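**Student:** Provide a 3D model corresponding to the input given below.
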Amino acid sequence: AVIVLDDALARDGAVRPMVSSGFAEGGEALDFVRTLAGRDSGRLSALVVLATDPGGRDSGLKAALALDAGAGDCAYADPNFAELSLRLASHLRRKRCADHLRRALDEGLRRSALDPLTGLYNRRYLDIHFERRFERARETRAPIAALLFDLDRFKSINDNVGHAGGDAALAAFARLLREEVRSADLAARYG
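**Tutor:** Got it, this is the predicted structure:
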């Protein structure tokens, strides 16, 4: 059997696994593991193969095949399931930790590309993006356009109402820009 552990399948500490049987009968479970491990969502899940024949003549080979197919662990059915329960709990903890780290990495990457005040892409991201677009335009001989806004008398906003007022004006302009720009275009804060 294949047990798929995921937060969507485990609520309130209760493991509710998806199970596929038939590992010994023609490799259905092995195909199931390969299919799940080959999907983006499957690569982020914990896959455990549960073998019911620990002393079987091919048990080591089956375990190796399951691990090679993408399973994270191979466990043998214990009559009281104590070991299996501990292993499943350990896999869930590891998966939750990996999910947390993945979210933190995604957030860090997102923050590294965005200007914190306006929410627009930052200059570093713009430079990389524009270079790629420029190269593609050169290769395809397609036109490319850039539009640069300079807010008139912006210094007077900062002088008259303070830097907080200037920040609010920039954020409001950025909001308008994001609403009006096409999805194929990029809005960024240059300076």
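**Student:** Let me see the ranges of the strands in this structure.
**Tutor:** Taking DSSP state E as the criterion, the chain contains strands spanning 2-5, 10-11, 14-15, 18-20, 46-51, 73-76.
**Student:** Next one: Leu147 relative to Arg178, how far apart?
**Tutor:** For Leu147, the distance to Arg178 (Cβ to Cβ, to the nearest Å) stands at 14 Å. Just so you know, the C-beta spots here come from the backbone N, C-alpha and C atoms, and that holds for glycine as well.
**Student:** who has more neighbours, those two?
**Tutor:** Per other Cβ atoms under 10 Å, whichever of Leu147 and Arg178 has more neighbours is Arg178, with 12 against 8.
**Student:** wait, isn't that one in contact with Gly119?
**Tutor:** Yes: in this structure Arg178 lies within contact range of Gly119 using Cβ atoms under 8 Å: 7.2 Å.
**Student:** Identify each buried residue in the helix of greatest length in the chain, please.
**Tutor:** Counting by DSSP state H, the longest helix found in the chain is helix 82-113. Buried residues in helix 82-113, counted by 16 or more other Cβ atoms under 10 Å: 84, 87-88, 91-92, 95, 113.
**Student:** What score does Ala29 have for pLDDT?
**Tutor:** In the predicted model, Ala29 carries a pLDDT score of 68.
**Student:** swap that for Ser59, sorry
**Tutor:** On the pLDDT scale, Ser59 gets 69.
**Student:** Check Pro54 too.
**Tutor:** Per-residue pLDDT puts Pro54 at 59.
**Student:** ok, now Arg93?
**Tutor:** For Arg93, the predicted pLDDT is 86.
**Student:** measure it to Ala145 for me?
**Tutor:** 51 Å.
**Student:** again with Thr118
**Tutor:** For Thr118, the distance to Ala145 - Cβ to Cβ - is 21 Å.
**Student:** Between these two, which is the more surrounded one?
**Tutor:** Shown here are Thr118 and Ala145; by other Cβ under 10 Å, Thr118 has more neighbours (20 against 7).
**Student:** Where do the helices of the chain begin and end?
**Tutor:** 28-38, 40-43, 59-69, 82-113, 123-140, 154-161, 163-180.
**Student:** Relative to Gly191, which of those helices is closest?
**Tutor:** Closest approach to Gly191 among the helices of the chain (Cβ to Cβ): helix 123-140, 6.9 Å.
**Student:** From the contact counts, what lies against that closest one?
**Tutor:** helix 82-113 (3 or more Cβ pairs under 8 Å, 6 or more residues apart in numbering; DSSP states H and E).
**Student:** Please name every helix or strand in contact with the helix it packs on.
**Tutor:** strand 2-5, strand 14-15, strand 46-51, strand 73-76, helix 123-140.
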